[in-house]
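Participant: Need coordinates for the following:
(one chain, ligands or ions: 1)
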Amino acid sequence: MNTVSPSIGHESDQELQARVLQGPLPRHVAIIMDGNGRWASLRHLPRVAGHHEGIKSVREVVTCCRELGIANLTIYAFSTENWRRPIFEVQELMLLLELYLKRELPALMEQEIRLTTIGRTDQLPSTVMEWIRRVERETEHHRGMTLTLALSYSGRSELVDAVRRLVVDVQAGRLDPAKIDEEVLGRYLDTRGLGDPDLVIRTSGEYRISNFLLWQVAYAELYFTKTLWPDFRRRDLLMAFLDYQRRERRFGRTGEQLRNSDPMAQDPTDERGPFGDRAG
Ligand code: FPP
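Facilitator: Coordinates of the predicted model:
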């Protein structure tokens with residue numbers, strides 16, 4: 001829940017951003033962009049008007065994350081469940097996606113942002129796929145930030161696909177079942193190499209994960225705000241980061257261990273037990 005104090009209202013975006021930069025920042029931010037339809041309905045506009053306005057929020061959030069030095073930003077742009085929407089809306093979202101890729105390529109180049117995708121992208125229209133491949137190819141050498149679009153994505157289908165690939169490798173004798181652990185399974189996921197999200201933001205006042213990065217959110221901090229996605233801009237993102245900076249990330253350990261800066265306490269990837277063994 002959004003718990004940042006209202007006194008922040010006095011500060012300009014710039015001042016807020018400078019303050020955010022003084023605290024710890026998440027390496028990987030994942031966002032469930034929700035509320036486009038409601039934003040449009042409130043203005044007696046067609047639902048797609050909300051998606052159009054939502055693109056402006058995407059642009060602002062991407063730029064702000066880049067400025068703050070966030071390494072990974074993953075946004076839920078189209079879920080496998082979204083295919084069930086009215087055909088007109090699906091077509092419009094596909095057109096919008098294509099437009100976004102075409103229009104944003106220069107900005108991604110300038111900001112040295114690498115674009116990648118996760119999800120069953122083979123289900124997308126071929127024109128969209130061509131643009132995805134082109135933007136992925138042209139930005140693959142960028143190291144400024146990785147922007148991942150989750151498209152035709154769901155956490156469960158990602159896990160199903162990963163298990164299928166893993167089983168093929170086991171059957172072919174390339175993978176020993178006894179050696180399968182969390183790290184190995186992680187390598188079969190679409191998100192391999194990205195690292196788990198530290199912070200998940202969901203807009204529009206819904207308190208659900210909706211099949212997003214199910215495996216990867218195990219230790220993520222969750223931030224829910226009532227703000228609808230098309231209204232979620234730089235300031236709202238900065239508020240989310242300020243809220244994140246007040247959280248105590250314990251990864252299963254005690255607050256005391258953290259305060260005594262136990263060398264193991266801050267590392268979420270370290271699964272050693274009390275005797276130095278790796279937890280199974
Ligand atoms: C949820 O709002 C939003 C989506 C299903 C799509 C998000 C897409 C965009 C912001 C534009 C395209 C993005 C890119 C990166 C090109 P909703 O329609 O479910 O809203 P509602 O819950 O109010 O109906």
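
Participant: Helix or strand: which one has the residue in the stretch 1-150 of the chain positioned nearest to the ligand?
Facilitator: Per Cβ to the nearest ligand atom, the residue of the stretch 1-150 of the chain with the smallest distance to the ligand is G37, at 2.5 Å. For the C-beta atoms, the positions are set from N, CA and C on the backbone; glycine is no exception. In the assignment (DSSP states H and E), G37 maps to helix 36-42.

Participant: How about that helix, which residues are buried there?
Facilitator: Of the residues in helix 36-42, N36, G37, R38, W39, A40 count as buried by neighbour count, 16 or more other Cβ atoms under 10 Å.

Participant: Tell me the spacing between the nearest residue in space to the third one that is not next to it in sequence and the ligand.
Facilitator: The spatial neighbour of R38 that comes closest, neighbours along the chain excluded (Cβ to Cβ, 6 or more residues apart in numbering), is L228 at 5.7 Å. Distance, L228 to the ligand, by Cβ to the nearest ligand atom, to the nearest Å: 7 Å.

Participant: OK, contacts around L228?
Facilitator: D34, G35, N36, R38, W39, G50, T203, S204 (Cβ atoms under 8 Å, 6 or more residues apart in numbering).

Participant: Residue ranges in this protein under the pLDDT threshold?
Facilitator: Counting by pLDDT under 70, the chain shows low-confidence ranges at 1-8, 262-280.

Participant: Which stretches in it count as helices?
Facilitator: Using DSSP state H, the helices of the chain run over 13-20, 36-42, 47-68, 87-110, 126-139, 155-171, 182-187, 234-245, 255-259.

Participant: Surely the residue of the stretch 1-150 of the chain closest to the ligand and G50 touch.
Facilitator: Yes - using Cβ atoms under 8 Å, G37 makes contact with G50 at a distance of 5.4 Å.

Participant: okay, and the common contacts of those two?
Facilitator: Joint contacts of G37 and G50 (Cβ under 8 Å, 6+ apart) do not exist.

Participant: quick one on the thing from earlier: state the distance from the residue lying closest to the residue of the stretch 1-150 of the chain closest to the ligand once chain neighbours are set aside to T227.
Facilitator: Spatially, and ignoring its direct neighbours in sequence, G37 is nearest to R47 (4.4 Å; Cβ to Cβ, 6+ apart). Separation of R47 from T227 (Cβ to Cβ, to the nearest Å) stands at 18 Å.

Participant: So which of these two has more stuff around it?
Facilitator: Higher neighbour count among R47 and T227: T227, with 22 against 18, using other Cβ atoms under 10 Å.

Participant: I'd say I55 and K102 touch.
Facilitator: No - between I55 and K102 there is no contact under Cβ under 8 Å: 12.0 Å.

Participant: These two: which is more packed in?
Facilitator: I55 (17 against 12).

Participant: Enumerate every residue touching that one.
Facilitator: By Cβ under 8 Å, 6+ apart, the residues touching I55 are L96, Y100.
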